[in-house]
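Asks: I'd like to go over a predicted model; first the sequence, then the structure.
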Amino acid sequence: MSQQVSASDLLDLCRTKGLIIATAESCTGGMVGAWLTEVAGSSDVFDRGFITYSNAAKHEMLGVNQSTLEAYGAVSEQVAHEMAQGARDRSQADLAVSITGIAGPGGSEHKPEGRVCFGIATPSTCKTETVEFGAAGRANVRADAAKHALMLLTQAALALGDG
């Protein structure tokens with residue numbers, strides 16, 4: 001699945017490149033932000049985290065369009081895109097990651113348990129992807145999603161300033 005990336009290594013990389021991070025978390029409930037702030041001195045890299053569990057919070061705090069939520073649902077790459085872009089636009093961040101998914105239990109035929117959509121916004125792009133973690137249990141899906149978000153932030157940080 002995703003390679004292991006430590007919060008400390010991500011913070012060091014961003015510090016070296018002069019990058020600031022923000023997070024927009026739904027199904028992980030602030031787990032990525034918690035992992036980043038467990039590292040002493042993280043405040044020079046981590047600007048803020050938005051925990052937007054409800055659709056209303058996604059709309060009010062991040063500017064996710066109501067029409068996007070209605071058309072695609074909260075667990076969609078379209079919403080993940082708007083969440084990441086909204087977090088970057090509403091913070092001092094160079095990089096913002098978003099996480100929205102179905103940690104379980106439950107899900108549906110069209111949106112199964114373990115489906116998580118991610119967005120990663122940089123100054124010039126906003127990319128999205130969906131990962132199927134499977135019905136691994138709520139705690140495992142949340143932890144795997146948070147690890148994947150750290151990996152996406154690391155990849156984006158490595159790409160910025162290259163060339």
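Replies: Cool, got the structure. Numbering: from 1, shown residues only.

Asks: what is the helix or strand hosting Lys147 packed up against?
Replies: Applying DSSP states H and E as the criterion places Lys147 in helix 138-159. The contact analysis (3 or more Cβ pairs under 8 Å, 6 or more residues apart in numbering; DSSP states H and E) places helix 138-159 against helix 7-17, strand 21-25, helix 31-37, strand 95-101, strand 115-121, strand 126-132. To be clear about C-beta, it is placed using only N, CA and C from the backbone, and glycine gets the same treatment.

Asks: can I get the ones you listed in CSV with distance to Ala84 and mean pLDDT?
Replies: Output for these, formatted as CSV (distance: least, Cβ to Cβ, whole Å; pLDDT from 0 to 100):
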stretch, distance to Ala84, mean pLDDT
helix 7-17, 16, 97
strand 21-25, 6, 98
helix 31-37, 12, 98
strand 95-101, 4, 98
strand 115-121, 3, 98
strand 126-132, 6, 98
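
Asks: closest one to Tyr72 among these?
Replies: Across the helices and strands packed on helix 138-159, Tyr72 has its closest neighbour in strand 115-121 (9.6 Å, Cβ to Cβ).

Asks: partners of the closest one in the sheet?
Replies: Here strand 115-121 has these sheet partners by DSSP bridges: strand 95-101 (antiparallel), strand 126-132 (antiparallel).

Asks: chain center to the first one: distance?
Replies: For strand 95-101, the distance from its own C-alpha centre to the chain's C-alpha centre is 2 Å (Cα atoms, centre = their mean, to the nearest Å).

Asks: now do the last one
Replies: Using Cα atoms, centre = their mean, we find the averaged C-alpha position of strand 126-132 to lie 10 Å away from the chain's own average C-alpha position.

Asks: that's a helix at His81, yeah?
Replies: Yes: assessed with DSSP: H, G, I helix; E, B strand; the rest coil, His81 lies in a helix.

Asks: returning to what we had before: make a markdown table out of the strands paired with strand 115-121 and add distance to Thr154.
Replies: Below are those laid out as a markdown table (distance: least, Cβ to Cβ, whole Å):
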| stretch | distance to Thr154 |
| --- | --- |
| strand 95-101 | 10 |
| strand 126-132 | 14 |
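
Asks: JSON lines please, covering those and showing mean neighbour count and distance to Gly49.
Replies: Formatted as JSON lines, the strands paired with strand 115-121 follow (neighbours: other Cβ atoms under 10 Å; distance: least, Cβ to Cβ, whole Å):
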{"stretch": "strand 95-101", "mean neighbour count": "29", "distance to Gly49": "10"}
{"stretch": "strand 126-132", "mean neighbour count": "15", "distance to Gly49": "18"}
